[in-house]
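**Student:** 3D, please:
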Amino acid sequence: MARSIGGGVLADLTLPAPGSETARGLFSAALRRALTDLLRLPPGPGPNGAAWGGFVPGLRRIAARAPGALASAVRRPTIGTLIRCLRGRPDPALQGELLATLALELGVAGVLEERVHVPQPPREVLCLGARCALRPPPGPLTIGPTGWQVGGMSGPFGEDFGTCPSEHVARDIYESVAGPIALALRRDNNPLAELEAHPDKSGSGLDLGGQPVTAWLAGLRAGLDLVAAHLPGLRAELDVGLSLVVPVGHDRERHLSASYQEAIGTVYLSLHPSALTLAEALIHEFSHNKLHALLEQGPILENAWSPLYASPVRPDPRPLHGVLLAAHAFLPVAAMLESMLSSGAAEVEGRLRQVARGNHEAVETLRQHARPTALGGPLLAELVRLDDRFRRFWEG
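**Tutor:** Sure, this is the predicted structure:
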């Protein structure tokens with residue numbers, strides 16, 4: 001029997017069935033764990049840690065009185081990522097960033113009850129909910145129910161913090177792409193973004209690549225429109241699980257993308273002139289996000305990290321975890337290409353055959369060597385079923 005997460009059955013985690021609630025249940029379960037971790041987060045060393053300890057009782061009251069507002073804040077990757085990075089890692093700077101970012105989101109949402117002091121705040125405090133950021137003067141920061149203060153300088157939240165007339169409110173931080181999905185323009189507070197496991201790139205620092213914001217928005221929207229036209233169920237999932245796109249440069253020849261297990265709700269993409277390439281990248285990295293949310297519930301494979309095997313999409317040998325990520329990400333890409341081919345786009349057939357062959361190689365590696373856990377069993381079975389669906393493309 002397939003394992004249930006949040007009422008959903010994990011039998012269509014790769015390619016959603018019509019009306020599927022699997023992804024919604026999965027992201028909700030990951031959010032519940034983040035909320036639990038938040039309330040159990042111990043104070044780290046130094047002034048920021050002490051301030052966190054003083055904030056926790058008020059945070060518990062907010063959790064009881066306004067659970068929806070707290071859940072909305074924690075769902076945002078600007079906060080959820082920090083929570084996951086602080087698991088077992090007493091980092092004073094990260095704890096100060098979490099304290100300031102969470103207090104600002106809750107203050108803007110109107111549910112902060114008491115003033116929150118941040119002795120050593122970040123230079124810029126992101127507020128994804130209001131699509132802006134606070135850039136206060138240097139010094140200890142106080143965030144209260146109605147506004148912020150640093151020394152003798154202060155500013156109100158107002159009805160819409162993003163239009164607050166303070167010189168210390170930056171409005172050029174995000175642009176809305178579609179629905180709940182935003183494009184980061186100035187800063188990404190994911191502390192892991194500079195780390196890189198892929199041999200062909202070095203980190204995922206925010207970089208518009210010299211391209212105007214309008215070009216980024218047009219490209220991303222064109223990619224999303226392709227997904228909507230050919231995989232409407234997966235496009236609906238994007239509105240459930242994707243909050244933030246971080247740009248990582250521009251290249252007309254090759255495309256680079258990334259995601260991070262701690263940064264659920266975020267994808268890192270370079271800009272490319274092809275809408276199809278961007279659609280593939282959105283599907284690919286969002287699929288990784290779904291597996292990252294699943295991993296919040298436990299391991300998927302008993303032998304995920306050793307030994308190493310050849311990967312169909314990477315030049316370096318990969319553990320089975322990496323092979324699983326590749327198969328799970330490229331099978332829905334194959335489904336989109338199959339839909340395009342059936343709609344008359346004959347030019348995608350070569351790409352479809354290439355993707356299908358790589359998928360088959362990955363699925364065969366998993367079928368022969370993977371030892372799935374109870375959580376991973378339904379997922380592996382789905383991958384095998386989908387691989388067989390594309391047999392005519394990888395056999396020929």
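**Student:** what about Gly155, neighbour count?
**Tutor:** Neighbourhood size, Gly155 [other Cβ atoms under 10 Å]: 18. In this view, the C-beta of every residue, glycine as well, is placed from N, C-alpha and C.
**Student:** any idea whether it is helix, strand or coil?
**Tutor:** Recorded secondary structure, Gly155: strand (DSSP: H, G, I helix; E, B strand; the rest coil).
**Student:** contacting residues around it?
**Tutor:** Gly155 sits next to Leu134, Gly147, Trp148, Cys164, Ser166, His168, Val169 when contact means Cβ atoms under 8 Å, 6 or more residues apart in numbering.
**Student:** right, and out of the residues you listed, which lies closest to Ser28?
**Tutor:** Taking Cβ to Cβ as the measure, Ser28 lies nearest Leu134 of the contacts of Gly155, at 29.1 Å.
**Student:** ok so, going back, nearest to Glu361 among the contacts of Gly155?
**Tutor:** Closest to Glu361, out of all of these and judged by Cβ to Cβ, is Leu134, at 49.0 Å.
**Student:** Let me see the contact set for the closest one.
**Tutor:** Leu134 neighbours (Cβ under 8 Å, 6+ apart): Leu104, Glu124, Val125, Cys127, Trp148, Gly155, His168, Val169, Ala170.
**Student:** Which members of those occur in strands, if any?
**Tutor:** The strands, defined by DSSP state E, take in Val125, Cys127, Trp148, Gly155, Val169, Ala170 from those.
**Student:** Find me the pLDDT at Glu167, would you?
**Tutor:** On pLDDT, Glu167 comes in at 88.
**Student:** got it, and the one 3 residues further on?
**Tutor:** In the prediction, the pLDDT value recorded for Ala170 is 93.
**Student:** Spatially nearest residue to it, not counting backbone neighbours?
**Tutor:** Nearest non-adjacent residue to Ala170, counting by Cβ to Cβ, 6 or more residues apart in numbering: Ala133, 4.6 Å away.
**Student:** swap in Met153?
**Tutor:** The nearest residue in space to Met153 (Cβ to Cβ, 6+ apart) is Pro137, at 5.2 Å.
**Student:** could you measure that neighbour against Val150, distance?
**Tutor:** As judged by Cβ to Cβ, to the nearest Å, Pro137 and Val150 stand 5 Å apart.
**Student:** Provide the secondary structure category for Trp52.
**Tutor:** Trp52 ends up helix, using three-state DSSP.
**Student:** Can you report how many residues lie near it?
**Tutor:** 23.
**Student:** wait, doesn't Leu206 sit right on Gly249?
**Tutor:** No: with contacts counted by Cβ atoms under 8 Å, Leu206 stays clear of Gly249, the gap being 9.4 Å.
**Student:** Looking at those two, which is more packed in?
**Tutor:** Gly249 (19 against 16).
**Student:** quick one, domains of this protein?
**Tutor:** Using automatic domain parsing, the domain ranges for the chain come out as 41-130+132-172, 173-194+202-295, 298-396.
**Student:** Pipe the ones you listed into JSON lines and attach distance to Asp12 per row.
**Tutor:** Listed next are these as JSON lines, based on distance: least, Cβ to Cβ, whole Å:
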{"stretch": "domain 41-130+132-172", "distance to Asp12": "22"}
{"stretch": "domain 173-194+202-295", "distance to Asp12": "9"}
{"stretch": "domain 298-396", "distance to Asp12": "7"}
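**Student:** So what pairs up with the closest residue in space to Trp305 that isn't next to it in sequence in the strands?
**Tutor:** Leaving aside its sequence neighbours, Trp305 sits nearest to Pro319 (Cβ to Cβ, 6+ apart; 4.6 Å). Beta bridges link Pro319 to Leu308 when assigned by DSSP bridges.
**Student:** can you name the two of the ones in strands among the contacts of Leu134 that are farthest apart?
**Tutor:** Greatest spatial distance among those (Cβ to Cβ): Trp148 and Ala170, at 13.3 Å.
**Student:** Neighbour count: these two, which is higher?
**Tutor:** The neighbour comparison of Trp148 against Ala170 (other Cβ under 10 Å) goes to Trp148, with 29 against 20.
**Student:** Check the gap between that one and Val74 for me.
**Tutor:** In this structure, Trp148 and Val74 are 21 Å apart, going by Cβ to Cβ.
**Student:** follow-up on the earlier one: for the residue nearest to Met153, grab phi and psi.
**Tutor:** phi -60, psi 160 (degrees, to the nearest 10).
**Student:** and the contacts of Leu134 as a markdown table, adding distance to Pro92?
**Tutor:** Below are the contacts of Leu134 laid out as a markdown table (distance: Cβ to Cβ, whole Å):
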| residue | distance to Pro92 |
| --- | --- |
| Leu104 | 19 |
| Glu124 | 18 |
| Val125 | 16 |
| Cys127 | 22 |
| Trp148 | 21 |
| Gly155 | 26 |
| His168 | 24 |
| Val169 | 26 |
| Ala170 | 25 |
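**Student:** Looking at these, spot the one nearest Arg392.
**Tutor:** Cys127 (50.2 Å).
**Student:** Could you tell me which ranges of this protein sit under the pLDDT cut-off?
**Tutor:** For the chain, applying pLDDT under 70 flags the ranges 1-9, 195-202, 311-313.
**Student:** So Pro137 and Val150 - more neighbours on which side?
**Tutor:** Of the pair Pro137 and Val150, Val150 is the one with more neighbours under other Cβ under 10 Å, namely 18 against 10.
**Student:** Spit out the contact partners of the residue sitting furthest away from the middle of the chain.
**Tutor:** Residue farthest from the centre of the chain, counting by Cα atoms, centre = their mean, is Gly152 at 37.6 Å. By Cβ under 8 Å, 6+ apart, no residues touch Gly152.
**Student:** State the distance from it to Pro121.
**Tutor:** 16 Å.
**Student:** Repeat that for Pro42.
**Tutor:** For Pro42 relative to Pro121 (Cβ to Cβ), the value is 20 Å.
**Student:** what does Ala100 give?
**Tutor:** Counting by Cβ to Cβ - Ala100 and Pro121 are separated by 5 Å.
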